[in-house]
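K.L.:
Build me a model:
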Amino acid sequence: MSRKAILYLVLLAGACVVPFVGYPLFLMKCLCFALFACAFNLLIGFTGLLSFGHAMFFGFAAYACGHAAKVWGWTPEVAILFGTGAAAIMGIVVGWLAVRRQGIYFAMVTLALSQMVYFICVQAPFTYAEDGIQSIPRGKLLGVIDLSDDTVMYYFVLAIFVAAFALIHRIIHSPFGQVLKSIRENEPRALSLGYDVDKYKLMAFVLSAALAGLAGATKSLSLGLATLTDVTWQMSGEVVLMTLLGGMGTILGPVVGASTIIAMENYLSGFGSWVTIIMGATFVVCVLAFRRGIVGEIEHRLVRKAGK
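P.N.:
Purely as a prediction, here's the structure:
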């Protein structure tokens with residue numbers, strides 16, 4: 001068994017034990033945002049596409065899942081799948097429009113479309129405007145397992161996160177993932193080798209959007225809330241911060257970055273508006289000290305040490 005596999009097993013064992021010593025709602029929030037950051041990292045870290053509008057998938061899926069669970073009375077697993085599907089369909093439309101552009105133009109197109117989705121969420125009756133969808137019922141998983149208990153809900157969220165993380169890991173190490181890396185490193189060369197670059201970028205974009213939607217839908221169900229905050233451009237900026245802080249292009253980096261940011265927001269909330277300044281200062285220090293991100297820098301030093 002490789003060292004990486006042992007590390008994953010240790011982390012999984014720790015995740016199974018931690019709800020008995022920690023606050024389940026906080027842990028569920030960490031897992032949801034970690035999945036969101038992993039989805040974003042699939043796009044920027046392994047495909048080289050910077051999106052400034054990923055919050056539209058995260059937030060719209062949260063609204064779709066919340067509406068399906070509260071108004072239509074759907075079971076949690078079906079509501080989450082509905083939210084994920086809505087994000088995937090939106091990803092196809094947005095991706096088809098955006099992947100035709102490169103660099104900053106791609107980022108600006110995603111930002112503009114994200115603002116359009118935000119405006120729709122403000123005006124649409126099913127989102128309840130600034131109040132959002134509140135008191136979303138968790139329901140019973142498969143009509144049998146009651147998710148009203150926070151610990152039970154945590155293990156459900158953990159199962160979703162592990163499955164999605166395993167999927168991302170498989171995508172990255174598959175032939176498809178290798179093509180994505182080649183596009184990131186040298187797009188003209190990949191094009192000259194006969195790969196349909198736009199097709200691969202669109203597929204990566206849709207996968208990333210669907211996984212971001214899965215994170216948003218799970219978050220709305222676990223916390224019982226879907227608001228405009230989930231769709232704002234600030235949320236898109238926050239996931240960029242999480243990914244860069246943990247280590248762009250690494251597997252565990254987004255998880256570490258998201259957990260760090262959510263922990264800072266939670267435990268430093270007593271400082272009020274100073275939290276933003278503290279987080280900004282922390283980000284600047286980490287970028288200066290760890291240019292590759294926390295996990296990226298650790299991996300680089302371990303590889304360099306092994307080379308000696």
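K.L.:
which stretches of the stretch 201-308 of the chain form helices?
P.N.:
In the stretch 201-308 of the chain, the helices defined using DSSP state H, counting those that start in this stretch lie at 233-246, 253-267, 274-289, 294-307.
K.L.:
Point to the residue nearest the middle of the protein.
P.N.:
In the chain, the C-alpha closest to the average C-alpha coordinate belongs to Phe36, at a distance of 0.8 Å (CA atoms, centre = their mean).
K.L.:
pLDDT wise, what is that residue at?
P.N.:
What the model reports as pLDDT for Phe36 is 94.
K.L.:
Which element, helix or strand, includes Arg101?
P.N.:
Of the helices and strands defined by DSSP states H and E, none includes Arg101.
K.L.:
Secondary structure element for the nearest residue to it once chain neighbours are set aside, which one?
P.N.:
Leaving aside its chain neighbours, Arg101 sits nearest to Val109 (5.7 Å; criterion: CB to CB, 6 or more residues apart in numbering). C-betas here are computed from N, CA, C, even on glycine. With the criterion set as DSSP H and E, the secondary-structure element containing Val109 is helix 103-123.
K.L.:
rewinding a little: could the helices of the stretch 201-308 of the chain go into CSV alongside mean pLDDT?
P.N.:
Written out in CSV, the entries for the helices of the stretch 201-308 of the chain read as follows (pLDDT from 0 to 100):
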stretch, mean pLDDT
helix 233-246, 86
helix 253-267, 87
helix 274-289, 78
helix 294-307, 74
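K.L.:
can you tell which of these is closest to Val152?
P.N.:
helix 253-267 (21.3 Å; CB to CB).
K.L.:
Residues touching that closest one, excluding its own?
P.N.:
26, 29-30, 33-34, 36-38, 40-41, 45, 165, 238-239, 241-247, 275, 278-279, 282, 293-296 (CB atoms under 8 Å, 6 or more residues apart in numbering).
K.L.:
Now the buried members of those.
P.N.:
29-30, 33-34, 36-38, 40-41, 45, 165, 238-239, 241-247, 275, 279, 282, 293-296 (16 or more other CB atoms under 10 Å).
K.L.:
tell me the pLDDT at Gln123?
P.N.:
With respect to pLDDT, Gln123 has a value of 86.
K.L.:
who touches it in this structure?
P.N.:
The neighbours of Gln123, taking CB under 8 Å, 6+ apart as the test, are Ala129.
K.L.:
follow-up on the earlier one: now for the residue nearest to Arg101, how many residues are close by?
P.N.:
For Val109, the number of neighbouring residues by other CB atoms under 10 Å comes to 19.
K.L.:
how much space between the nearest residue to Glu187 once chain neighbours are set aside and His54?
P.N.:
If you skip the residues right next to it in sequence, Glu187 has Val197 as its closest partner in space, 5.9 Å away by CB to CB, 6+ apart. In this structure, Val197 and His54 are 21 Å apart, going by CB to CB, to the nearest Å.
K.L.:
of these two, who's got more company?
P.N.:
A direct count of neighbours by other CB under 10 Å for Val197 and His54 places His54 higher, at 33 against 16.
K.L.:
Enumerate every residue touching the more buried one.
P.N.:
With contacts taken as CB under 8 Å, 6+ apart, His54 has the following neighbours: Phe36, Ala39, Phe40, Leu43, Thr110, Ser114, Ser208, Ala209, Ala212, Ser236, Val239.
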